[in-house]
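> I'll drop the sequence and a predicted model, then ask my questions.
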Amino acid sequence: MIRNLAAALALVSLAACGMNGDADDAVPGAEAKLDTDLATSAAEALATPSETPVTVTIPDTIQGRWGLVAADCTATDGSSKGLLTITPTRLEFYESVGRLVEVVELAPNHLQASFAFTGEGLEWQRQQVLDASEDGKTLTRRELGNGAAPGPFSYMRCGEAKPDAKAGATTTGGDEA
């Protein structure tokens, strides 16, 4: 932008230096052409972005696979209805996907943003608040706005669940007996 503006000003300066005040020496239409060129250069300089836009993504600490219950992380038969997979720009649920549209608040363990959802033949927008714990093992998700689900949802990071050898069940931490 500054380069274009500087070039336009240089053209004006050169044109002014070349004019000696004698109207007979002036090229017909030169001043009008110079004004047009200057206006075009200024408009181009203003229209050209000076920086490449920055793409905001969901923080790394929030990305990954999260389950409402331990079985969501370990099910192999497709029954993991509480599984939430978070990529840099998407929330992937059992029957819907939300694409990041606009970030409202951003911190290493926190995101409040609008998402455009599609699923089961429907489309909607919803604001989501995602908060990861400091240790990265739990995630709290809240929806905001009309039609939002009530209350927060608490997830555990998949990979944190440990199989219980005695009962064949899955536990979410503590010491194995």
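Ah, there it is.

> For the helix or strand encompassing M156, which residues meet the burial criterion?
Assigned by DSSP states H and E, M156 belongs to strand 153-157. Residues Y155, M156, R157 are the ones in strand 153-157 that count as buried (16 or more other CB atoms under 10 Å). For glycine as for every other residue, the C-beta is placed from the backbone atoms N, C-alpha and C.

> Please apply the same query to stretch 133-152.
Within stretch 133-152, the residues that count as buried by 16+ other CB under 10 Å are T138, L139, R141, R142, E143.

> and the strand holding M156, what does it pack onto?
Here strand 153-157 touches strand 64-67, strand 138-144, going by 3 or more CB pairs under 8 Å, 6 or more residues apart in numbering; DSSP states H and E.

> quick one, that strand and strand 138-144 angle?
150 degrees (axes from the mean of the first three to the mean of the last three CA atoms, to 10 degrees).

> Return the mean pLDDT over strand 153-157, rounded to an integer.
Mean pLDDT, strand 153-157: 97.

> remind me which residues of the chain are low pLDDT?
1-54, 160-177 (pLDDT under 70).

> Which residue ranges of it form strands?
Taking DSSP state E as the test, the strands found in the chain are 64-67, 83-86, 90-92, 97-107, 110-119, 122-132, 138-144, 153-157, 162-163, 170-171.

> right, so the ones you listed: which one is the most enclosed?
strand 64-67 (a mean of 21; mean count of other CB atoms under 10 Å).

> in its sheet, what does it sit against?
strand 83-86 (antiparallel), strand 153-157 (antiparallel) (DSSP bridges).

> So for V97, which of the ones you listed sits nearest?
Taking CB to CB, strand 83-86 is the member of those nearest to V97, at 9.4 Å.

> follow-up on the earlier one: which of the buried residues of stretch 133-152 lies closest to N109?
For the buried residues of stretch 133-152, the nearest to N109 is L139 (9.3 Å; CB to CB).

> I'd assumed Q128 was in contact with that closest one.
No - using CB atoms under 8 Å, L139 is not in contact with Q128; the gap is 11.1 Å.

> thinking again about what came up before, for the strands of the chain, which one sits closest to T74?
Nearest to T74, of the strands of the chain and by CB to CB, is strand 170-171 at 6.0 Å.
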